[in-house]
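*Asks:* Sequence plus predicted model, see below.
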Amino acid sequence: MFIVWGSRGFEKDLGETVVRCTCGNCNNDVVMQAKQVGRKFTLFWIPLFTTSSTYYMLCPICHHGKELTKDMLERYLVADTETASE
């Protein structure tokens, strides 16, 4: 019997943030998007758990961005949902 294991990359869209700024790469005034990029451990091609994860704020036009910690990114996303409920 043999066991097939490995890893697989993923990208998850977390939505838009409240950060509106001028992109340093394309010079457009945009609302930044939040993304999570990482890898998952797989066993027999079934993803079981996340082994690494990184969070980014990206320009929706040129996809140039900045890496952030999970806590910093959650602050920008939480502020967005609070203003929408008011």
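*Replies:* Everything's here; your move.
*Asks:* Could you pull out the helices in this structure for me?
*Replies:* With DSSP state H as the criterion, the chain has helices at 70-85.
*Asks:* quick one: the strands in it?
*Replies:* For the chain, strands defined by DSSP state E occupy the ranges 5-22, 29-43, 46-58, 65-68.
*Asks:* now these in JSON lines, with mean pLDDT?
*Replies:* Listed next are those as JSON lines, based on pLDDT from 0 to 100:
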{"stretch": "strand 5-22", "mean pLDDT": "89"}
{"stretch": "strand 29-43", "mean pLDDT": "93"}
{"stretch": "strand 46-58", "mean pLDDT": "93"}
{"stretch": "strand 65-68", "mean pLDDT": "90"}
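*Asks:* Mean neighbour count for those strands - can I get that in JSON lines?
*Replies:* Just so you know, the C-beta spots here come from the backbone N, C-alpha and C atoms, and that holds for glycine as well. Shown next, in JSON lines, are those (neighbours: other CB atoms under 10 Å):
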{"stretch": "strand 5-22", "mean neighbour count": "12"}
{"stretch": "strand 29-43", "mean neighbour count": "16"}
{"stretch": "strand 46-58", "mean neighbour count": "14"}
{"stretch": "strand 65-68", "mean neighbour count": "15"}
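*Asks:* Could I get those in a markdown table, plus columns for distance to Arg75?
*Replies:* Putting the strands of the chain into a markdown table (distance: least, CB to CB, whole Å) gives the following:
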| stretch | distance to Arg75 |
| --- | --- |
| strand 5-22 | 9 |
| strand 29-43 | 11 |
| strand 46-58 | 11 |
| strand 65-68 | 9 |
